[in-house]
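Student: I need the structure of the sequence given here:
(one chain, ligands or ions: 2)
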Amino acid sequence: MPKAIIDIKDLSFIFDDGFRGLNHISLSINQGEFIILAGKNGSGKTTFLRHLNGLLMPTSGTIRVNGLEISKHLIETRKTVGMVFQDPDTQMVGDTVFDEVAFGPENLKITRARIKEIVTKVLETLNLFHLKDRNPSTLSGGEKRKVAIAGILVMDPQVIVFDEPFSNLDYPGILQVLATIMDLHRAGQTVMIATHDIEPVIFEATRMIIMEKGSVKEDDVPLNLVGRLESYGVREPCFSKFGLEPQSWQK
Ligand SMILES: Nc1ncnc2c1ncn2[C@@H]1O[C@H](COP(=O)(O)OP(=O)(O)OP(=O)(O)O)[C@@H](O)[C@H]1O
Ligand SMILES: [Mg+2]
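Tutor: Ligands and ions are numbered 1, 2, ... in the order given. Here you go, the predicted model:
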């Protein structure tokens, strides 16, 4: 049996205005999975992801992270589940890239020397060390997103959740962020990605969940779903349209 890190039972969420954002969702997220969360605009992907680290709390149902119910263990949950938002600017608080990445660890009881060590290691791993003294607001979109990923990685989460990690990036930017995400997964990290851009990640993904109107409509290995994607408003990858084998975007 795979080890479930996140266990969701009958999760529903209703917004203040009465709109039902999530509708009776039950699923588990297991150690080492790489999950694509797909579905058209407004299908509930972001609403769902925001529940995974307690940014939104269920109206009904439960979410457990490593067996602990989120609402009662918010700090542990946020250490376990790291979230990279769609717009990295909203996540940036530091005057330099280094301070930005050090922000999370500084809120934990860790010595300065240890913080310097772990921040340096993460910046080197993501090939960002040369930017450490730059103001994050001066970085390109792809660099900003990598800094946002670095800020999550220093916290050493068990699961990393990305909301639209490729949006607003050019092709080299997508490749940079893609390589970062692939490396994480290959190192054993559990990854979940909400994206409209299936093509770059489908080769790596172990599972695809499709949402519509706040409900999970499909949950299967990606290759079993590619032919049905367009009925959910998700673009079918080119390889499957043309009857080809999927190919990695990584050279
Ligand atoms: N604060 C709110 N109050 C009421 N409805 C909301 C609120 N926030 C989001 N919604 C609605 O919930 C639905 C799901 O939104 P959500 O952002 O989760 O969709 P999504 O799948 O992430 O879409 P996208 O692909 O555009 O990012 C949408 O219809 C949205 O309008
Ligand atoms: Mg969204």
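
Student: wait, doesn't residue 179 sit right on residue 250?
Tutor: Yes: under the criterion of CB atoms under 8 Å, residue 179 makes contact with residue 250 at 6.4 Å. Backbone N, C-alpha and C define where each C-beta goes, glycine included.

Student: please say which of those two ends up with more neighbours.
Tutor: residue 179 (16 against 12; other CB atoms under 10 Å).

Student: now that one. Its backbone dihedrals?
Tutor: Main-chain torsions, residue 179, degrees, to the nearest 10: phi -60, psi -40.

Student: just residue 107 next, same as before
Tutor: When read as degrees, to the nearest 10, the backbone of residue 107 gives phi -80, psi 0.

Student: ok, the residue of the chain found nearest ligand 2 - contacts?
Tutor: Nearest residue of the chain to ligand 2 (CB to the ion) works out as residue 46 at 3.2 Å. By CB atoms under 8 Å, 6 or more residues apart in numbering, the contact set of residue 46 is 86, 163, 194.

Student: check which helix or strand the first one maps to.
Tutor: In this case it means residue 86. Following DSSP states H and E, there is no helix or strand that holds residue 86.

Student: run a quick neighbour tally on it.
Tutor: Neighbours of residue 86 under the rule other CB under 10 Å: 18.

Student: turn the contacts of residue 46 into CSV, columns for distance to ligand 1.
Tutor: Shown next, in CSV, are the contacts of residue 46 (distance: CB to the nearest ligand atom, whole Å):
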residue, distance to ligand 1
86, 7
163, 7
194, 6
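
Student: okay if I get those residues as a markdown table plus distance to residue 31?
Tutor: Below are the contacts of residue 46 laid out as a markdown table (distance: CB to CB, whole Å):
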| residue | distance to residue 31 |
| --- | --- |
| 86 | 26 |
| 163 | 21 |
| 194 | 20 |
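
Student: pick the one among these closest to residue 186.
Tutor: Proximity of the contacts of residue 46 to residue 186 (CB to CB) peaks at residue 194, which lies at 20.7 Å.
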